[in-house]
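Enquirer: what follows is a predicted protein model with its sequence.
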Amino acid sequence: MLLDLQIRDFALIRSLDVAFHSGLTVLTGETGAGKSILVDAIALLLGDKGSPQMVRHGAEQAEIIGSFSGGTTTDHWLEEQELTAEDTLILRRILPAQGRSRLFLNGRAISSQQARELGTLLLDILGQHAHLQLLKPDRQLALLGRFANCETLLPAVAQHWRRWQEAQQNWERQRNAQATDAAQREWRAFLHQELQQARLRLGEWEELQEEEKRLGAVEQIRAGVDLALNALDEEGGALRHLAEAQRGLVQATQKDSRLEDSLRLLDAAAIQANDVVEGLRAYLHHLEAEPERLEQVARRLQELQDLQRKHRSDMDGLLALREQLAMEFATDGVNSDPVAQAAAVLEGCRQAYAQQAEILSAARQEAAPRLAKALQEQIRSLGMQHAVVELRLQPRSEEKTWTSHGWDQAEFWISVNPGHPAQALAQVASGGELARISLALQVLLKLEGVETLIFDEVDVGVGGAVAERIGKLLRQLGATHQVLCVTHLPQVAAQGHQHLQVEKTVANGQTESRLRLLQAAERGYEIARMLGGSEIDASLQIAARKLLEDAARGSGSTQGA
């Protein structure tokens, strides 16, 4: 519920603070006084697009603050947005004369999209042209779905429709790719054969590089081994010195046993040195130049390097590509016709969608005559005594016109005069009749909707007893909702539980709109003005008082007056 509204420097409003209550609140005033400015301000709070022209002339920025009571639904939304749940939701909109506007929720910046999402949970705004939306077939279908409680069926239909569309797109991609697929597969087959024939082996590249390095340096290796052997085993070499050291330690150890560890280490060193000498001699015995093998290694390295350059990959990448191609061609027989597979999936998705759409359509078919009858009764009470309403529901014949909302198309047909056949709503109803039909639908369909409803002159074009009936309907809505109504009709204004008057004044050379809560006597004067204009005589005051008394008797008592 909207608790209060604060407006600063917005349009014609310099400063405004107003508290709202439950029930029906009516806003009245002279034409052009700025009644709809309040509705525009609330719409801005809930994410509507603003412009610098909305800032009051001479001000740097406009500021709008609205407080709303929270509930279970808004708590869930806040949790999804990772925002803290609060009992009171304070929305604030800053609209500068220059620069970008900003939105805040309980002091935290939010986006316009978030504000719009939250707004759908808080209130509905029905402008004076909102009833024109009723002429759109999609809107009429949505109203029928709401009446039929199809909210639980629509998600499944939408989900299967998306899958069907994705399957359609996949089938088209497969079909379009089929023409070029043969050439592509031939090329990949060539690559597969090439890599298979290359006989790639894990670690081969490193092994070949090491072998090439060895084969290309045989003489350098031989010279190095000869040098080592000379140092170890020639006259005065390391082995002879080790032997002399052993003899010396043997003699010394006989005199001092503490040298035994050193002797053992020296013996081990001598043994190892002898092993090295024997190993090097054996190595030299088998060491020889292998020009043919060196050439083979060089050719193989070049072959592998060419493959890496061709595929712009290292050896690991070549091995992975070979495995990928091997798996691809191993399953070639299983997946030989991707177009046929995509077509089978497409048909399955279409059938699944059709099954869900049939369930949804059956629910609409059952509800359509009930909605038509209820609407007919309601608008007859609004002065269209002879109205006959039909709701024609039929499936769209072409599959390409089916949507995420199902395959049905709905259209209200109506006859407003006896003896005249029914025609489509857009062809027969006047603006005033459309307004009454729209209001009747609100009464029928909004009882389980959001808590706050705002009507911006939806009663335009009617008067007399019909206007009184509209006022009573709005008051009826006020029993279960918070209803705000901008109106020019005294019959509607008299039904309000709370009456706010918007008046335009000129102060310091600037035009301003001001809002005030009317008390009982002031209400009578305002309704008399609405009945007769600027010249208010006793008869108008009596008529105004009677309207207020009739409204009070109709619902017990007025509030806020």
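Expert: It's in. Worth saying up front: this structure is predicted, and the values here are computed from it rather than measured.
Enquirer: point out where the stretch 451-561 of the chain drops to low pLDDT.
Expert: 458-461, 533-534, 555-561 (pLDDT under 70).
Enquirer: what is the burial count for residue 476?
Expert: Using other Cβ atoms under 10 Å, residue 476 has 17 neighbouring residues. (Glycine included, C-beta is placed from N, CA and C.)
Enquirer: go on, residue 356?
Expert: 19.
Enquirer: that one and residue 151, how far apart?
Expert: 14 Å (Cβ to Cβ, to the nearest Å).
Enquirer: which helices and strands does the helix or strand hosting residue 434 pack with?
Expert: Following DSSP states H and E, one finds residue 434 within helix 431-445. Packed against helix 431-445 by the contact rule (3 or more Cβ pairs under 8 Å, 6 or more residues apart in numbering; DSSP states H and E) you find helix 137-147, helix 338-380, helix 464-478.
Enquirer: name the helices or strands packed onto the last one?
Expert: Right, helix 464-478. Contacts defined by 3+ Cβ pairs under 8 Å, 6+ apart place helix 464-478 against strand 23-28, helix 431-445, strand 482-486, helix 490-493, helix 538-555.
Enquirer: residues contacting that helix, please?
Expert: With Cβ atoms under 8 Å, 6 or more residues apart in numbering as the test, helix 464-478 has contacts from 22-24, 381-383, 436, 439-440, 442-443, 446, 453, 455, 459, 462, 483, 485, 489-497, 547, 551, 554-555.
Enquirer: so which bits of that helix are buried?
Expert: Residues 466-478 are the ones in helix 464-478 that count as buried (16 or more other Cβ atoms under 10 Å).
Enquirer: residues contacting stretch 512-528, please?
Expert: For stretch 512-528, using Cβ under 8 Å, 6+ apart, the contacting residues are 11-14, 16, 18, 27-28, 33-34, 37-38, 490, 493-494, 498-506, 536, 540-541, 543-545, 547-548, 560-561.
Enquirer: relative to the whole chain's centre, how far out is that stretch?
Expert: Distance of stretch 512-528 from the chain centroid (Cα atoms, centre = their mean, to the nearest Å) equals 45 Å.
Enquirer: stretch 48-68 too?
Expert: With Cα atoms, centre = their mean, you get 28 Å for stretch 48-68.
Enquirer: pLDDT of that stretch, averaged?
Expert: Mean pLDDT, computed over stretch 48-68, is 92.
Enquirer: can I get it as CSV, trimmed to CA atoms?
Expert: Output of stretch 48-68 as CSV, limited to C-alpha atoms (Å, rounded to 0.1, in the frame of the first residue of the first chain):
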residue,chain,number,x,y,z
ASP,A,48,9.1,5.2,-15.8
LYS,A,49,11.4,7.2,-18.1
GLY,A,50,11.9,10.8,-16.9
SER,A,51,13.2,13.9,-18.7
PRO,A,52,14.9,17.2,-17.5
GLN,A,53,11.7,19.0,-18.7
MET,A,54,9.9,17.5,-15.7
VAL,A,55,12.0,19.6,-13.3
ARG,A,56,10.3,22.7,-12.1
HIS,A,57,11.5,25.8,-13.9
GLY,A,58,14.4,27.4,-12.0
ALA,A,59,15.2,24.3,-9.9
GLU,A,60,18.3,22.2,-10.1
GLN,A,61,16.6,18.9,-9.6
ALA,A,62,13.3,17.2,-8.8
GLU,A,63,13.0,14.8,-6.0
ILE,A,64,10.2,12.2,-5.4
ILE,A,65,10.0,10.0,-2.3
GLY,A,66,7.3,7.4,-1.8
SER,A,67,6.8,5.0,1.1
PHE,A,68,5.1,1.6,0.6
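Enquirer: what lies in contact with that stretch?
Expert: 1-14, 40-42, 44-45, 88-98, 101, 112, 122, 452, 510.
Enquirer: could you redo the last one with a cut-off of 6 Å?
Expert: Residues outside stretch 48-68 that contact it (Cβ atoms under 6 Å, 6 or more residues apart in numbering) are 2-11, 41, 44-45, 88-97, 101, 122.
Enquirer: how about the chain, which residue sits the furthest from its center?
Expert: residue 255 (94.9 Å; Cα atoms, centre = their mean).
Enquirer: skipping adjacent residues, who's closest to the residue nearest the centre of the chain in space?
Expert: Per Cα atoms, centre = their mean, the C-alpha nearest to the average position across the chain is that of residue 113, at 9.7 Å. Once flanking residues are discounted, residue 113 sits nearest to residue 47: 6.9 Å by Cβ to Cβ, 6 or more residues apart in numbering.
Enquirer: partner strands of the host helix or strand of residue 67 and their direction?
Expert: Using DSSP H and E, residue 67 sits within strand 61-69. Within its sheet, and counting by DSSP bridges, strand 61-69 is paired with strand 2-10 (antiparallel), strand 88-96 (antiparallel).
Enquirer: okay if I get those strands as a markdown table plus mean neighbour count and mean pLDDT?
Expert: Below are those laid out as a markdown table (neighbours: other Cβ atoms under 10 Å; pLDDT from 0 to 100):
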| stretch | mean neighbour count | mean pLDDT |
| --- | --- | --- |
| strand 2-10 | 20 | 94 |
| strand 88-96 | 19 | 94 |
